[in-house]
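Asks: Below are the sequence and a predicted model for it; my questions follow.
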Amino acid sequence: MKRYVLLFLLCLVFPLSGLAQPTMVELGLRGGMDGTSVQENYSVGEVYYLHNLPWRTELSPDVTLSTRLDTGVGYLEAASRSGAWVAVGVDAVLGMAGGLVELEAGFRPTWLSRHEFGEDDFGGAVQFSSHAGAALNLERVVLNYRYQHISNAGLYEENRGINLHLFGIGVRF
C-alpha cells in the first residue's frame with residue numbers, strides 16, 4: 001500500500017505529459033465551521049497559497065487535469081481555546097468550461113499547535129488533512145468551497161477527527 005501512495009505522489013509532482021502549464025499562484029482566505037464530527041463548536045480560518053505543479057493533461061478542449069502545491073496556515077477555536085495549524089500537500093484539479101469551474105481533491109500532512117479543545121482531543125500534533133471542493137474562477141478572483149477532514153490516521157490512542165466546511169476567496173497572479 002505504501003508503494004502505491006508513493007507512486008501516486010510522484011505522479012502528482014513530476015510531469016507525465018508534454019503540455020507545459022503556465023505559472024499560476026493563488027493567495028486567499030478561507031473561513032468556516034465544523035461539521036458534525038466533534039463535541040465542541042469550532043470557528044476556523046486559513047490563509048492559503050496555491051502554486052501549480054508541472055503535471056497537466058488535456059482531457060478535451062475545455063477540460064484539463066492538473067496538479068498543484070497546496071499550503072495553508074490556519075487556526076481552530078473552540079471551548080475558549082485556540083490553536084494554529086500548518087499544512088503542506090498536493091491537489092489534483094479538474095478544470096472544466098475552459099477553467100471557469102474547478103473540482104479539487106487533495107491531501108496535506110498537517111501540524112497542530114494544540115490538540116485538545118474542551119471535550120475534543122485530537123491525539124497529538126501530527127495530523128493529516130484530506131479535502132474535496134469546488135472553485136469558480138472569475139478571472140483573477142476565485143470563490144471556493146472545501147470540505148476538509150483532519151485526523152491523525154491512528155498515530156495516537158485518541159483519534160477523534162474533525163470535518164470542516166470552508167468558504168474562501170482568493171486572488172490569482
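Replies: All right, it came through fine.

Asks: Distance from the chain centre to stretch 23-37, please.
Replies: 7 Å (CA atoms, centre = their mean, to the nearest Å).

Asks: average pLDDT across it?
Replies: When pLDDT is averaged over stretch 23-37, the result is 91.

Asks: Show me what counts as buried in it.
Replies: Within stretch 23-37, the residues that count as buried by 16 or more other CB atoms under 10 Å are 26, 28, 30, 32, 34. C-beta here means a position set from N, CA and C on the backbone, and glycine is covered the same way.

Asks: out of those, who's nearest residue 72?
Replies: For these, the minimum distance to residue 72 (CB to CB) is 7.7 Å, reached by residue 30.

Asks: where exactly do the helices run in this protein?
Replies: With DSSP state H, the ranges of helices along the chain come out as 2-13.

Asks: so where's it uncertain?
Replies: Within the chain, the ranges that satisfy pLDDT under 70 run 1-21, 37.

Asks: top strand in it by residue count?
Replies: strand 43-60 (DSSP state E).

Asks: picking up where we left off before, farthest-separated two in the buried residues of stretch 23-37?
Replies: Across those (CB to CB), the longest gap, 24.7 Å, separates 26 and 34.

Asks: what bridges to the residue nearest to residue 48 when sequence neighbours are not counted?
Replies: Sequence neighbours aside, residue 72 is the residue nearest to residue 48 in space, at 4.2 Å (criterion: CB to CB, 6 or more residues apart in numbering). Counting by DSSP bridges, residue 72 is bridged to residue 48, residue 87.

Asks: so who does residue 72 touch?
Replies: By CB atoms under 8 Å, 6 or more residues apart in numbering, residue 72 lies in contact with 30, 46-49, 85-87, 108.

Asks: how does it look with 6 Å?
Replies: Residues near residue 72 by CB atoms under 6 Å, 6 or more residues apart in numbering: 46, 48, 87.

Asks: Residue 123 now?
Replies: Counting by CB under 6 Å, 6+ apart, residue 123 has contacts 152, 156, 158-159.

Asks: what about the strands in this protein?
Replies: Using DSSP E, strands in the chain cover 25-34, 43-60, 63-78, 81-96, 101-112, 116-117, 120-121, 126-138, 141-151, 162-172.

Asks: for the second one, packing partners?
Replies: Strand 43-60 makes packing contacts with strand 25-34, strand 63-78 when contacts are defined by 3 or more CB pairs under 6 Å, 6 or more residues apart in numbering; DSSP states H and E.
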